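Peer 1: Provided below for reference: sequence and predicted model.
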Amino acid sequence: MDTDLPDAHTGVLQPRALVLYGYGLNCDHETAFALNEAGAAAQRVHVNELVGGEVRLADFHLCAVPGGFSWGDDHGAGTILGLRLRLALQRDLEEFIAAGKLVIGICNGFQVLVNLGLLPGFDRDYQARRVALIPNDCGNFRDDWVHLRVVCRTSPFLTGLDTLELPIRHGEGKFYAEPAVLERLFAQGQVAFQYATAEGDAARGAFPANPNGSLHDIAGICDPTGRVLGLMPHPEAHIHAFQHPTWTRAKEAWRRQGLPYPAPEGAGMQIFRNAVSYLQERLGLK
């Protein structure tokens, strides 16, 4: 496959992004759109095309496993898709990561990466399952907006980010791990996001700032390289300001100051822009 895709407007070569879909994944269009807006060339690929060899993972620079309810969350969220990918593509995935490429799992995709073994990826061991995402402490599905603190400073996805607000929608989002694993995640800088208050303070497990009871307020983690990222909130659902429920209030505040509304990007967009920028530089695409 030709890997040189110049952007029609800028002439800069575009990284190829694979976005999985099928069997209940339902945020693939939004994720592909966000990646395209960030400057990638995103292609939606059905799970069967990938595991069957019709499409090769090696032909891409980024792999995104989006949100949804793969296989209806039977046997636990992300379990079946994680197993299917492991059986068919374990070596391909390990080579993909070793080549300096990027992987992002969002919500159900995070659950898949955990079950697959790509996260937390201690000592490049992608077989062991060391962490879990289990049913929310509140006992039901949560559809809300949350505040996040960015903890990791080494992941290319998170460059320049400190706090952000993103939506969640999940029933099994409580991050759980044994104490020794939690300690190692923090020691190695692998905690990517923590749930926080609107003021940016630690949620300290308090509902609803911590919407699911995640231990240590963990909302996302990365592998030791920082190039594999998993998070429960949905960055692809906040790439434009008007996706936030209070955007009209913000627009009116600007109007009352006699200023034009700047219509800023949503908080999630920077994650995708960071990924594209990293790949362009790392892979010599600009």
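Peer 2: Structure received. Numbering: from 1, shown residues only.
Peer 1: Spell out the residue ranges of the helices in the stretch 1-150 of the chain.
Peer 2: 28-38, 47-51, 79-98, 108-116 (DSSP state H, counting those that start in this stretch).
Peer 1: so which of those helices comes closest to residue 181?
Peer 2: helix 108-116 (11.7 Å; Cβ to Cβ). Backbone N, C-alpha and C define where each C-beta goes, glycine included.
Peer 1: Restricting to C-alpha, output the closest one in CSV.
Peer 2: Output in CSV follows, covering the C-alpha atoms of helix 108-116 (Å, rounded to 0.1, in the frame of the first residue of the first chain):
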residue,chain,number,x,y,z
ASN,A,108,-14.8,0.0,24.8
GLY,A,109,-11.5,0.2,23.0
PHE,A,110,-9.8,0.8,26.3
GLN,A,111,-11.5,-2.3,27.6
VAL,A,112,-10.3,-4.2,24.5
LEU,A,113,-6.7,-3.1,25.0
VAL,A,114,-6.8,-4.2,28.7
ASN,A,115,-8.2,-7.6,27.8
LEU,A,116,-5.8,-8.0,24.8
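Peer 1: now it against helix 79-98, angle please.
Peer 2: 80 degrees (axes from the mean of the first three to the mean of the last three Cα atoms, to 10 degrees).
Peer 1: on that earlier part again, among the helices of the stretch 1-150 of the chain, which is the most enclosed?
Peer 2: Most buried of these by mean neighbour count (mean count of other Cβ atoms under 10 Å) is helix 108-116; its value is a mean of 28.
Peer 1: Turn the helices of the stretch 1-150 of the chain into TSV, including distance to residue 210 and mean pLDDT.
Peer 2: Output for the helices of the stretch 1-150 of the chain, formatted as TSV (distance: least, Cβ to Cβ, whole Å; pLDDT from 0 to 100):
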stretch	distance to residue 210	mean pLDDT
helix 28-38	25	98
helix 47-51	32	97
helix 79-98	24	95
helix 108-116	16	97
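Peer 1: how about CSV for the ones you listed, with distance to residue 66 added?
Peer 2: Formatted as CSV, these follow (distance: least, Cβ to Cβ, whole Å):
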stretch, distance to residue 66
helix 28-38, 4
helix 47-51, 12
helix 79-98, 11
helix 108-116, 5
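Peer 1: Can you check which of the ones you listed gets nearest to residue 255?
Peer 2: Among the helices of the stretch 1-150 of the chain, the nearest to residue 255 by Cβ to Cβ is helix 28-38 (26.1 Å).
Peer 1: just checking, what packs against the closest one?
Peer 2: Identification of packing neighbours for helix 28-38 by 3 or more Cβ pairs under 8 Å, 6 or more residues apart in numbering; DSSP states H and E yields strand 16-21, strand 41-46, strand 62-65, helix 269-282.
Peer 1: Enumerate the positions of the last one that are buried.
Peer 2: The reference is to helix 269-282. Neighbour counts over helix 269-282 (16 or more other Cβ atoms under 10 Å) mark 269-280, 282 as buried.
Peer 1: Which of these lies at the shortest distance from residue 212?
Peer 2: residue 271 (20.5 Å).
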